[in-house]
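*Asks:* I'd like to go over a predicted model; first the sequence, then the structure.
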Amino acid sequence: MNFFCLVSFLTSLGLLSFLRHLIIPLFTYLFATTFLATKPADLKTRYGPWALVTGPTDGIGLAFAVQLARLGLNLVLVGRNPTKLKRASARILSEVASGDVEIKTLVVDFATDEQQDVERVVKDGVRGLEIGVLVNNVGITYPGARYFHEVEEKVWMEIVRVNLEGMTMVTRAVLGGMVERRKGAVVNVGSGAGTVLPSHPLYAVYAATKAYVDQLSRSLHVEYKQMGIDVQCQVPLYVATEMTRKVAMIQKPSLFVPSPNAYAAAAVRRIGRQPRCSPYWAHSVQCYLARLVPECLLDAWRLSIGICRRELDIVARRLDVS
């Protein structure tokens, strides 16, 4: 009998320890970082009447633009395809009840245009506009899992130009006006690949560019907070976009893989609240749990996934050739 009492006592202690060290901190973390942000701030009053969004023709970028328009912000949409920009503009206007939203489009190809041209086009395009919110969303990744030596130079160079240089040049083009007005918000869309996970094997260049996004955002947050400008890196995990479908073979939204609309609705509520966040609540849970797992296990897990995807991609390419 004494033995069973001892076992029950130790079990109870174990459960209390589990609650104290895992469950309670998890819910405290979620409450502080996600559930408190239930209502979007008045971004138009706080930052300015215009928002600029890169990569706005589909996925997270389009959903972000729709959410900002619903909050009454006018939009500058920056993308490379004029036809898709026109289509995105029409869709946004069709989903916004107010007829007071203006939309302007700028054609920029971050993969091929010179850096100076990108900055010039954006500066000229926003001249006279009070850009209060900048969303650097545009991003690309590998066409499939690859070891670094297998990635064609053209592919990894385009990833660097789009994910790293493009975001930097657009920020430079817009930030000056925010400094003059002493208000503004810069939202840089990062990735769990560069922030949450210790490594992202077989997608190394993509992960490295997203780590750059995170560090630049953090440093700019410290530099410009004193000037009334909120710089934030938002860190999504998987969202049910076309990119995710190709990379992770995820076909539809689920609890941990939100639709772009669900993700963007959470994302706009978090603008200006902290320098780094994972806006969608289920992503926050995953980020919290990932910090509890030893890095060596995460590395091994991600490597096995990368190798598996590489093998599937090789098979798919062989079938296409045949």
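*Replies:* Received, thanks. Numbering: from 1, shown residues only.

*Asks:* run through the helices of the stretch 201-322 of the chain in chain order.
*Replies:* Counting by DSSP state H, counting those that start in this stretch, the segments of the stretch 201-322 of the chain that form helices are 204-224, 242-248, 260-269, 281-290, 295-321.

*Asks:* cool, the stretch 51-200 of the chain as well?
*Replies:* 59-70, 82-95, 115-126, 153-159, 167-181, 192-195.

*Asks:* okay, those helices in JSON lines with mean neighbour count and mean pLDDT next?
*Replies:* For every residue, glycine as well, the C-beta is placed using N, CA and C. Output for the helices of the stretch 51-200 of the chain, formatted as JSON lines (neighbours: other Cβ atoms under 10 Å; pLDDT from 0 to 100):
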{"stretch": "helix 59-70", "mean neighbour count": "25", "mean pLDDT": "97"}
{"stretch": "helix 82-95", "mean neighbour count": "15", "mean pLDDT": "96"}
{"stretch": "helix 115-126", "mean neighbour count": "17", "mean pLDDT": "95"}
{"stretch": "helix 153-159", "mean neighbour count": "14", "mean pLDDT": "98"}
{"stretch": "helix 167-181", "mean neighbour count": "19", "mean pLDDT": "97"}
{"stretch": "helix 192-195", "mean neighbour count": "21", "mean pLDDT": "95"}
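
*Asks:* need those in a markdown table (columns: distance to Phe256).
*Replies:* Formatted as a markdown table, the helices of the stretch 51-200 of the chain follow (distance: least, Cβ to Cβ, whole Å):
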| stretch | distance to Phe256 |
| --- | --- |
| helix 59-70 | 16 |
| helix 82-95 | 26 |
| helix 115-126 | 35 |
| helix 153-159 | 25 |
| helix 167-181 | 26 |
| helix 192-195 | 11 |
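
*Asks:* wait, which of these is closest to Ala240?
*Replies:* helix 59-70 (8.9 Å; Cβ to Cβ).

*Asks:* other SSEs contacting that closest one?
*Replies:* The contact analysis (3 or more Cβ pairs under 8 Å, 6 or more residues apart in numbering; DSSP states H and E) places helix 59-70 against strand 50-54, strand 74-79, helix 82-95, strand 131-136, helix 260-269.

*Asks:* check which helices and strands the shortest one sits against.
*Replies:* This means strand 50-54. Using 3+ Cβ pairs under 8 Å, 6+ apart, strand 50-54 is in contact with helix 59-70, strand 74-79, helix 115-126, strand 131-136, helix 167-181.

*Asks:* packing partners for the last one?
*Replies:* If I follow you right, that is helix 167-181. Helix 167-181 packs on strand 50-54, helix 115-126, strand 131-136, strand 184-189, helix 204-224, strand 229-234, going by 3+ Cβ pairs under 8 Å, 6+ apart.

*Asks:* quick one: contacts of that helix?
*Replies:* 48, 52, 54, 78, 115, 118-119, 122-123, 126, 130-132, 134, 136, 138, 184, 186, 188, 213, 216, 220, 224, 227, 229 (Cβ atoms under 8 Å, 6 or more residues apart in numbering).

*Asks:* what do you get if the cut-off is 6 Å, keeping everything else the same?
*Replies:* Thr54, Gln115, Val118, Glu119, Val122, Lys123, Ile131, Leu134, Asn136, Gly184, Met227, Ile229 (Cβ atoms under 6 Å, 6 or more residues apart in numbering).

*Asks:* isn't Arg310 right up against Phe148?
*Replies:* No - the criterion here is Cβ atoms under 6 Å, and Arg310 misses it with Phe148 at 11.9 Å.

*Asks:* more neighbours: these two, which one.
*Replies:* Neighbour count, other Cβ atoms under 10 Å: between Arg310 and Phe148, Arg310 has more, with 18 against 11.

*Asks:* from Lys210, how far off is that one?
*Replies:* 20 Å (Cβ to Cβ, to the nearest Å).

*Asks:* what are the bridge partners for the residue most central in space within the chain, then?
*Replies:* The centroid of the chain falls nearest to Val189 when counting by Cα atoms, centre = their mean (3.0 Å). Beta-bridge partners recorded for Val189 (DSSP bridges): Gln234.

*Asks:* let me have the helices of the stretch 201-322 of the chain in JSON lines, extended by mean pLDDT and distance to Pro275.
*Replies:* Listed next are those as JSON lines, based on pLDDT from 0 to 100; distance: least, Cβ to Cβ, whole Å:
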{"stretch": "helix 204-224", "mean pLDDT": "98", "distance to Pro275": "4"}
{"stretch": "helix 242-248", "mean pLDDT": "80", "distance to Pro275": "25"}
{"stretch": "helix 260-269", "mean pLDDT": "97", "distance to Pro275": "15"}
{"stretch": "helix 281-290", "mean pLDDT": "95", "distance to Pro275": "15"}
{"stretch": "helix 295-321", "mean pLDDT": "92", "distance to Pro275": "23"}
